[in-house]
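Enquirer: Below is the structure, and that's it, no one-letter string:
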């Protein structure tokens, strides 16, 4: 499945009510609570802060909240749009400032759905990929051009200087074997390399 690269926002007015849509990428449960709190703090005078979130490798974890709107008129329509877009690890929030005109359950559902749909048009999608973290240890005398090459070509690279030089790099898991062979070749097979972990990340 896919997620989104960065937070996007869209606003529209329907029968004098303001609907402000946010799509926010999530990686952990703590991100959800932090993001919701930030939205509520940014719009303390809003009438409603309705949301839906989808998380997990297959989008198996979902939550939806009408936040005081008639049951099923906000959270579920928002969720259906996100699921229909086949996105995961994303939070969709629609903030409403009531404009004085009642929209009815059907009108609310359409307003919340359309706000999320328009917000989605602004989003840049990213795929989930397996990323391997490799730990490389090499003697100072054998490092040569390795450090500069790792910093330039790895997805990320950190280094610690101790009795040996120790790199921790992130690479696409599909190419981990190639990385290991290249590092060994560059150090005349004197480096020691271990795979620390493999995780799913959006790249």
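Expert: Sure thing, it's come through. It should be emphasised that the depicted structure is a prediction, and the values quoted were computed from it without experimental measurement.
Enquirer: Thought residue 131 was touching residue 173, still the case?
Expert: Yes. Between residue 173 and residue 131 a contact is recorded at 6.2 Å, counting by CB atoms under 8 Å. Bear in mind the C-beta positions are built from the backbone N, C-alpha and C, glycine included.
Enquirer: So for the two, which residues contact both of them?
Expert: Any residue near both residue 173 and residue 131 by CB atoms under 8 Å, 6 or more residues apart in numbering counts here, and that gives residue 198.
Enquirer: Please enumerate the strands of the protein.
Expert: For the chain, the strands defined by DSSP state E cover 2-4, 8-14, 17-25, 48-55, 61-65, 90-97, 125-138, 156-161, 165-172, 192-202.
Enquirer: which one of residue 173 and residue 131 has more residues nearby?
Expert: residue 131 (20 against 17; other CB atoms under 10 Å).
Enquirer: who does the residue lying closest to the more buried one once chain neighbours are set aside bridge with?
Expert: Distances taken as CB to CB, 6 or more residues apart in numbering place residue 201 nearest to residue 131, at 4.6 Å, with adjacent residues excluded. Counting by DSSP bridges, residue 201 forms beta bridges with residue 129.
Enquirer: separation between the most far-flung residue of the chain relative to its centre and residue 169?
Expert: Relative to the centre of the chain, the most outlying C-alpha is that of residue 141, 40.6 Å out, by CA atoms, centre = their mean. For residue 141, the distance to residue 169 equals 21 Å [CB to CB, to the nearest Å].
Enquirer: Measure how buried the nearest residue to residue 194 once chain neighbours are set aside is and give me the count.
Expert: Excluding the flanking residues, the one nearest residue 194 by CB to CB, 6+ apart is residue 135, at 5.1 Å. For residue 135, the count of nearby residues is 14 (other CB under 10 Å).
Enquirer: residues contacting the most centrally placed residue in the chain?
Expert: Geometric centre of the chain, nearest residue: residue 25, 3.3 Å, by CA atoms, centre = their mean. For residue 25, the contacting residues are 3, 4, 5, 6, 7, 89, 90, 91, 202, by CB under 8 Å, 6+ apart.
Enquirer: Would you mind giving those as CSV with pLDDT and neighbour count added?
Expert: Compiled in CSV, these are given as follows (pLDDT from 0 to 100; neighbours: other CB atoms under 10 Å):
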residue, pLDDT, neighbour count
3, 95, 22
4, 95, 24
5, 92, 13
6, 93, 11
7, 96, 15
89, 95, 26
90, 96, 24
91, 97, 24
202, 82, 18
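Enquirer: If we only consider these, which is nearest to residue 47?
Expert: Sorting the contacts of residue 25 by how near they are to residue 47, with CB to CB, puts residue 91 at the top with 19.5 Å.
Enquirer: report the longest helix in this protein, please.
Expert: helix 104-121 (DSSP state H).
Enquirer: buried residues in that helix?
Expert: Using 16 or more other CB atoms under 10 Å as the test for burial, helix 104-121 gives 108, 109, 111, 112, 113, 114, 115, 116, 117, 119, 120.
Enquirer: What score does the last one have for pLDDT?
Expert: By that I understand residue 120. Listed pLDDT for residue 120 reads 98.
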